[in-house]
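S.K.: what shape does this take:
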Amino acid sequence: MYDELTKIDIEKMQEELRYRSIELRPEIIEEVKRTRAFGDLSENYEYKAAKQAQRQNDSRIRYLENMIKTAKIIDGSAEDGCIGLFDKVTIYLEEDDEEQIIQVVTTVRCDPMKGFISKESPLGKAVLGKKIGDRVTVKVSDDYSYTLTVRAIEKGKDTGDAPLMQY
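M.R.: Residues are numbered from 1 along each chain as shown. Okay, the predicted model is just below:
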C-alpha cells in the first residue's frame, strides 16, 4: 500500500521530520529528565505529560518516515478544462441551493473546514476530471448521495499553501 503524494507533500514531510528529530526530540528528552527529578513518579503529572509528548512525537516521526518511504510521487495535473489536483473549483450544491469553493488536494493535506478536499474522498473522486457545467452525483454511502454542478474551475498548482494534516 502506498499513498499518492506530490513532491511538495514529501518536502513538507521531510521538513517536519527534521524539525521533530533534530529540534523537538532533544527538548522533550530534556523535559522528561527535568520532570523525572521531581520525585515520586506515580503522582508526577508533569513527568506523565512529558512522557506522553515524547510518545506522540516519536509516533509522528514513525508516521512521517513511513509515508515518505512508501509514497508514490504524482503530478496531479489534468488536461485543460478538466478538474485536477490543486484546482479551485466552484460547485453549486443543488440540495442546499448554495455555492462553495473547494480545492482538491492530496490526502495528507485535506482540511474540509477550509475547503481543502481529499482526492480520495467521495467529493474529490466525483469531481476530478469533470468540466464546467457537468452535473455530478456524489455517493457518500449506500443510503445517501447528493448532486452538484461544476460552475467554475480556476487552474491551480501545488504552492504548498495547504498544511500537512495533523493527527
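S.K.: now for Tyr47, how many residues are close by?
M.R.: The number of residues packed around Tyr47, counting by other C-beta atoms under 10 Å, is 21. C-beta coordinates here come from the backbone N, C-alpha and C atoms, glycine included.
S.K.: which element is it on?
M.R.: helix 45-70 (DSSP states H and E).
S.K.: can you check Met165 too?
M.R.: Going by DSSP H and E, Met165 is not in any helix or strand.
S.K.: packing partners of the helix holding Tyr47?
M.R.: helix 7-18, helix 25-36 (3 or more C-beta pairs under 8 Å, 6 or more residues apart in numbering; DSSP states H and E).
S.K.: nearest to Asp111, out of those?
M.R.: helix 7-18 (13.7 Å; C-beta to C-beta).
S.K.: re the thing from before, let me have the helices and strands packed on helix 45-70 in TSV, adding mean neighbour count as columns.
M.R.: Formatted as TSV, the helices and strands packed on helix 45-70 follow (neighbours: other C-beta atoms under 10 Å):
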stretch	mean neighbour count
helix 7-18	16
helix 25-36	14
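S.K.: re earlier: what residues does whichever helix or strand comes after the helix holding Tyr47 touch?
M.R.: Remark: after helix 45-70, the chain's next helix or strand is strand 72-73, criterion DSSP H and E. Residues outside strand 72-73 that contact it (C-beta atoms under 8 Å, 6 or more residues apart in numbering) are Tyr2, Asp3, Glu4, Leu5, Thr6, Lys7, Ile10.
S.K.: buried subset of those residues?
M.R.: Asp3, Glu4, Leu5, Thr6 (16 or more other C-beta atoms under 10 Å).
S.K.: strands - which of these land there?
M.R.: Applying DSSP state E to the buried ones among the contacts of strand 72-73, the entries found in strands are Glu4, Leu5.
S.K.: rewinding a little: biggest separation within the contacts of strand 72-73, which pair?
M.R.: Between any two of the contacts of strand 72-73, the greatest separation by C-beta to C-beta is 15.1 Å, found for Tyr2 and Lys7.
S.K.: dump the residue contacts of the residue nearest in space to the middle of the chain.
M.R.: Centroid-nearest residue in the chain, with C-alpha atoms, centre = their mean: Arg109, separated by 2.2 Å. For Arg109, the contacting residues are Asp9, Phe116, Ala162, Pro163, Leu164, Met165, by C-beta under 8 Å, 6+ apart.
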